[in-house]
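In: Kindly return the folded structure for what I paste below:
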Amino acid sequence: MCKRATFWIAMAVICLPFQGCNVVRISLNTTLTPQDVAFIVPGETTLTDVVTKLGAPDTLTESEAGILATYRFMNLKYSRVNFGWVAKPWTPVDPDLIFSRTGLAVDAFQVAFDLSWVVRHHAFQRKLSPSPFYPYPF
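Out: Presented below is the predicted three-dimensional model:
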């Protein structure tokens, strides 16, 4: 009986700090990968082919050389650890010792078409710098 109680107490002590952990990931629009756009061949693929496979672009921008189609997608990553949960059972004060990080990355895939609506070139635009780490409430 004593070993069983010790086991459950040890499990509670181990699991208690994880009660304050939150990890969230949200994606808006379909994330495009190089495999998704491998069908595009500059000089051969048309706007109709691109729209059939990828759907309507978010924006179409006119230029002197033709049209630029942009597909945007966003990934939001949020993680938070509240170390104050450890002290909650033993103190009347609700201490929040929160370390959090939010990474918001807006990525884009752009396709440039000539005036005949044929692909000239395409490229991904990725967020280059990672989000800084800000401990809260500091």
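In: Looking at Tyr136 now. What's its pLDDT?
Out: pLDDT for Tyr136: 52.
In: just Ser131 next, same as before
Out: So Ser131 comes in at 53 (pLDDT).
In: What distance do you get for Lys53 to Thr59?
Out: Distance, Lys53 to Thr59, using C-beta to C-beta, to the nearest Å: 18 Å. Any C-beta I mention is one placed from the backbone N, CA and C, and that applies to glycine too.
In: can you tell me the helix or strand for the residue lying closest to Thr45 once chain neighbours are set aside?
Out: Counting by C-beta to C-beta, 6 or more residues apart in numbering, Thr45 lies nearest to Val119, which is 4.5 Å off, once chain neighbours are set aside. Secondary structure from DSSP states H and E places Val119 in strand 119-125.
In: before we move on, back to that, against Phe109, how distant is the residue nearest to Thr45?
Out: Computed with C-beta to C-beta, the distance linking Val119 and Phe109 is 12 Å.
In: So these two - more neighbours on which side?
Out: Set side by side, Val119 and Phe109 show unequal neighbour counts under other C-beta atoms under 10 Å, the larger going to Phe109 at 24 against 21.
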